[in-house]
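Peer 1: Give the three-dimensional model of this entry:
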Amino acid sequence: MQKKKSGNKRKSQSNFAKLSIFQPNKYKFKKSCPLSIKDAPKIDYKNIKLLKKYISENGKILPSRITNISQKKQRELSLSIKRARNLALI
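Peer 2: Modelled structure (predicted):
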């Protein structure tokens, strides 16, 4: 007697679907820093329009992983935001 094969045949998955959360992701792409490109606005405590883009509704500084800003520019930005807060510009 032959056993019946069930209808649950697995379809072949692509390599992208086989990746687990514990494996390193090969498909990441780098995003460029919006403040490091040519003709980018200068980071200054007096430039309130620029600083408000990188502050949340509660007044907290947004992290660089969300805004895609480089480490160097993030340090400059946070320093400028703190200076503007002290001078009550924000």
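Peer 1: Skip the chain neighbours and tell me the closest residue to S64.
Peer 2: Of all residues not flanking S64 in the chain, Q74 sits nearest, at 4.3 Å (Cβ to Cβ, 6 or more residues apart in numbering). The way it works is simple: take the backbone N, C-alpha and C, and place the C-beta from them, glycine included.
Peer 1: Pretty sure the one you found sits in a helix.
Peer 2: Yes. Per DSSP: H, G, I helix; E, B strand; the rest coil, Q74 lies within a helix segment.
Peer 1: Test my guess that it contacts L62.
Peer 2: No. The pair Q74 / L62 is not scored as a contact, 9.5 Å apart, by Cβ atoms under 8 Å.
Peer 1: Between those two, which is the more surrounded one?
Peer 2: Q74 (21 against 16; other Cβ atoms under 10 Å).
Peer 1: residues in contact with N68?
Peer 2: The neighbourhood of N68, defined by Cβ atoms under 8 Å, 6 or more residues apart in numbering, consists of 31-34.
Peer 1: Now which of those residues would you call buried?
Peer 2: C33 (16 or more other Cβ atoms under 10 Å).
Peer 1: mind putting the contacts of N68 in TSV, distance to N68, secondary structure and pLDDT included?
Peer 2: Listed next are these as TSV, based on distance: Cβ to Cβ, whole Å; DSSP: H, G, I helix; E, B strand; the rest coil; pLDDT from 0 to 100:
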residue	distance to N68	secondary structure	pLDDT
K31	4	coil	79
S32	8	coil	88
C33	6	coil	90
P34	7	coil	91
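Peer 1: Dump the contacts of N68 to CSV, plus distance to K46.
Peer 2: As requested, the contacts of N68 are exported to CSV (distance: Cβ to Cβ, whole Å):
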residue, distance to K46
K31, 27
S32, 25
C33, 21
P34, 19
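Peer 1: Just name the closest of the contacts of N68 to Y45, please.
Peer 2: Y45 has its nearest neighbour among the contacts of N68 in P34, at 18.6 Å by Cβ to Cβ.
Peer 1: distance of the closest one from N86?
Peer 2: According to Cβ to Cβ, to the nearest Å, P34 and N86 sit 25 Å apart.
Peer 1: which residues in this protein form helices?
Peer 2: Assigned by DSSP state H, the chain shows helices spanning 15-18, 48-53, 64-67, 71-86.
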